[in-house]
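In: return a 3D structure for these sequence lines:
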Amino acid sequence: MKYENIRKIVLDAILEAVEDGLIHGTSGNIALRDDNEDVVAITPSGISYKGMTADQIAIVDMNGKWLDGPFKPSSEVPMHTAAMRARSDVRATVHTHGMFATIAAMSDELLPTTPPQCEFYPVGIVPFCMPGTNDVADKVVECLGETGRTVLIKNHGMFSVGKNMKAAMAAAVYTEEMAQIAYYAKVAGVYQPMPKEAIDKMLALIAADQAV
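Out: This next block holds a predicted model:
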């Protein structure tokens, strides 16, 4: 099987996302760029992730052209490949339709409530665009900027990036957690996000690789 390593990593990640409730059915998609060639492994379109095998993961080039795999690549190929083309540090991308991230995308901002969440601040919010289009891809790339790790897409979900799959998955998991805590805290009337000063201090520790 060609590109076995990146296909297996994408498969493991998508199954983890399903198990964690970040992805339901065939919604959401995950991609990983090869370290040696300008190709990307990405989940296929409209195929159930449960029971999927590594050889069913699609392979595309950096412009989204389908190169290998029995099933058509995800319709969100433009968004994943655009992020990778725009930033050399982005090797892995995770797009989920998690409930709480989707709710949070309808608000004005999403703020950290615990220190680990600060790594993924600020979380940009992208206006709704038709899924699978260059329009949403361009707006996501613009919102991520040069250093962003996660953005929310109104009426759609979340898009996270990382230097590897572990980093991209962490961004997705902690952003969903951030959104979930914010939702329940607001319902309970006790919502108190971390102060901006504390967020800035945590970001400085993270930048210095001294975060606890």
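In: distance of the nearest residue to residue 44 once chain neighbours are set aside from residue 55?
Out: Among residues not flanking residue 44 along the chain, residue 71 sits closest, at 3.6 Å (C-beta to C-beta, 6 or more residues apart in numbering). Where C-beta positions appear, they are placed from N, C-alpha and C, glycine not excepted. Separation of residue 71 from residue 55 (C-beta to C-beta, to the nearest Å): 10 Å.
In: one more: residue 154?
Out: Residue 154 is 36 Å from residue 55, by C-beta to C-beta.
In: farthest residue from the center of the protein?
Out: residue 189 (29.2 Å; C-alpha atoms, centre = their mean).
In: quick one, what contacts residue 117?
Out: 174, 175, 177, 178 (C-beta atoms under 8 Å, 6 or more residues apart in numbering).
In: what's the residue farthest from the centre of the chain sitting at in phi/psi?
Out: phi 70, psi 30 (degrees, to the nearest 10).
In: quick one: name whatever helix or strand follows whichever helix in the chain runs longest.
Out: When the chain is parsed with DSSP state H, its longest helix is helix 165-188. Counting by DSSP states H and E, the next helix or strand C-terminal to helix 165-188 is helix 196-207.
In: picking up where we left off before, same for the longest helix of the chain, what does it pack against?
Out: helix 4-19, strand 29-33, strand 92-96, helix 99-104, strand 150-153, strand 157-162 (3 or more C-beta pairs under 8 Å, 6 or more residues apart in numbering; DSSP states H and E).
In: what packs against the fourth one?
Out: What that stands for is helix 99-104. strand 150-153, strand 157-162, helix 165-188.
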